[in-house]
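Asker: need coordinates for the below:
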Amino acid sequence: MEDIAVTEMQDNYLVDIAREEVEFLRKICHRNALRPTKRHEPVEFYDESPFDCYERVLKYYDRNKLAEFIDKQVLAEVNANNAPETDPKIMANLPVDTVLARYKSEIISNLAIEANLSKNEARKMLNWNFKQFRRNFALLEGYVNLAANCLEKIGFKREKEEKYRSRLHDVSHIIYAAHVNIFVTDDKKLNPKAKAIYYSIDVPTQVMNKKEFIEYALNLKKSKQAALRP
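Answerer: Numbers count the residues shown, from 1 in each chain. From the prediction side, this is the model:
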């Protein structure tokens, strides 16, 4: 919804075109939504029209300006760092299942500071996985955002400075896709970043590109058909 709102609010797309995109989502998703109704509680499956969600995004769109400014600063700083140990050409080949392993304690420490947690609470969080994080949307959101920043900092699939807006939405996709079974994206940077973050806290979501998803869906269909045969 935020991606569509950008086209209407900043890219001067016609309102009718934006509404057509929301209507397309309505046909796919119907009234099935994921929504954090309270900051420190779990995300809920919510009965809501995509049009209602879109109107809410437009209403509070000004809040995005601060988030965009922060993301722009993050990318500006990491792209200004030319240290050999963060060379994207080298770091891009690190395995997604271990790339964040050595940085997890630092991410948790920073999250504890942001959330004003005690040292004891921070120590407990070091052993958390998705089962614990999903109980508190604010902490999950904070962890994913800091982990995404860490990936940029170390040069793993780093985005260019001017990509700050799309990168902000990518992080949102990672946060919400953690609550579903399959996250499909052909984005060559978003896909491995999502996998890396999910591996770091054992998120069970499967991250697939379009080709993998089609193959998965066809195999699932074959399996169901075989099960129905006498």
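Asker: give the other helices and strands that the helix or strand bottoming out on mean pLDDT in the chain contacts.
Answerer: Every helix and strand in the chain was compared by mean pLDDT, DSSP states H and E; the lowest is helix 88-91, with a mean of 82. Taking 3 or more CB pairs under 8 Å, 6 or more residues apart in numbering; DSSP states H and E as the contact definition, helix 88-91 has no neighbouring helices or strands. Yep, even glycine has a C-beta here, placed from its N, CA and C like the rest.
Asker: the next helix or strand after that helix: which residues count as buried?
Answerer: Counting by DSSP states H and E, the next helix or strand C-terminal to helix 88-91 is helix 104-114. The neighbour-count criterion (16 or more other CB atoms under 10 Å) identifies I107, I108, N110, L111, A112 as the buried residues of helix 104-114.
Asker: next one: stretch 161-172
Answerer: Those buried within stretch 161-172 under the rule 16+ other CB under 10 Å are E161, Y164, R165, R167, L168, H169, D170, V171, S172.
Asker: and those residues, which of them are in strands?
Answerer: Assignment to strands by DSSP state E places none of the buried residues of stretch 161-172 there.
Asker: I'd like those as TSV, with pLDDT and distance to L139 appended.
Answerer: Converted to TSV, the buried residues of stretch 161-172 look like this (pLDDT from 0 to 100; distance: CB to CB, whole Å):
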residue	pLDDT	distance to L139
E161	90	29
Y164	90	24
R165	87	25
R167	92	21
L168	91	19
H169	91	21
D170	95	20
V171	96	15
S172	93	16
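Asker: now the helices for the protein?
Answerer: 2-9, 15-29, 50-59, 63-80, 88-91, 104-114, 119-125, 130-133, 137-154, 164-177, 190-200, 210-228 (DSSP state H).
Asker: who are the packing partners of the second one?
Answerer: If you count contacts as 3+ CB pairs under 8 Å, 6+ apart, helix 15-29 packs onto helix 2-9, helix 50-59.
Asker: quickly, which of the ones you listed bottoms out on average pLDDT?
Answerer: Sorting the helices and strands packed on helix 15-29 by mean pLDDT places helix 2-9 lowest, at a mean of 85.
Asker: send the alpha carbons of that one over as CSV?
Answerer: The C-alpha trace of helix 2-9 is given here as CSV (Å, rounded to 0.1, in the frame of the first residue of the first chain):
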residue,chain,number,x,y,z
GLU,A,2,2.8,2.4,0.8
ASP,A,3,4.4,1.6,-2.6
ILE,A,4,1.1,2.6,-4.3
ALA,A,5,0.8,5.7,-2.1
VAL,A,6,4.2,6.9,-3.2
THR,A,7,3.1,6.9,-6.8
GLU,A,8,0.1,9.0,-6.0
MET,A,9,1.6,11.4,-3.4
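Asker: and of the helices and strands packed on helix 15-29, who's closest to E212?
Answerer: helix 2-9 (22.3 Å; CB to CB).
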